[in-house]
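[1] Okay, structure incoming, though there's no sequence with it:
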């Protein structure tokens, strides 16, 4: 009888612990669509980080690629959770001009680029505003 009570207490404790931890685990979003955003105002890796952090706050975003030099932000996302216009709006809210250029399936993205989203993406570093490699946050004045 004593062993049975101990086993029940251990089992109940484990279930409660797993339930509490489940609330803290972010369920990984899967990308069933890819939004290509034409984005202006990016000058350096600091801009890339700012955009990435802003998009990561949106539920349903799975993968983010930022091409500072080309002016593109590519986002893999779950269409049941977030819409492409919301992605562009979030980039706009972080201080950059952005609009949806095209929406693709992951398969179409792979056909066009020859790679899966989030794999072997080229990254560009350095600041176009001040020339620093660390990203100063300043924008080049014309």
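    On my side now, so go ahead. Fair warning: this is a prediction, and the values are worked out from it, not measured in the lab.
[2] so residue 101, which of the three states?
    strand (DSSP: H, G, I helix; E, B strand; the rest coil).
[3] any idea of the pLDDT on it?
    If you check residue 101, the pLDDT there is 96.
[4] surely it meets residue 37?
    Yes: between residue 101 and residue 37 there is a contact under Cβ atoms under 8 Å: 6.3 Å. All C-beta spots, glycine's among them, are computed from the backbone N, C-alpha and C.
[5] Looking at the two, which one has more neighbours?
    residue 37 (25 against 16; other Cβ atoms under 10 Å).
[6] got a list of what that one touches?
    By Cβ atoms under 8 Å, 6 or more residues apart in numbering, the contact set of residue 37 is 72-75, 84, 87-88, 91, 98-101.
[7] repeat that for 10 Å
    By Cβ atoms under 10 Å, 6 or more residues apart in numbering, the residues touching residue 37 are 51, 55, 66, 71-75, 84, 87-88, 90-92, 96-102.
[8] which among those residues end up buried?
    Burial by neighbour count, judged by 16 or more other Cβ atoms under 10 Å, picks out 51, 55, 66, 71-75, 84, 87-88, 90-92, 96, 98, 100-101 from these.
[9] Show only the entries of those found in strands.
    The strands, defined by DSSP state E, take in 66, 72-75, 98, 100-101 from the buried ones among the contacts of residue 37.
[10] Bridged to the nearest residue to residue 73 once chain neighbours are set aside, which residues?
    Take residue 73 and drop its neighbours on the chain: the residue closest to it by Cβ to Cβ, 6 or more residues apart in numbering is residue 37, 4.2 Å away. Bridge pairing for residue 37 (DSSP bridges) gives the partners residue 73, residue 100.
[11] just residue 104 next, same as before
    Counting by DSSP bridges, the residues bridging with residue 104 are residue 34.
[12] What's the local residue count around it?
    Residue 104 has 18 nearby residues by other Cβ under 10 Å.
[13] got it, and residue 9?
    Residue 9: 10 neighbours (other Cβ under 10 Å).
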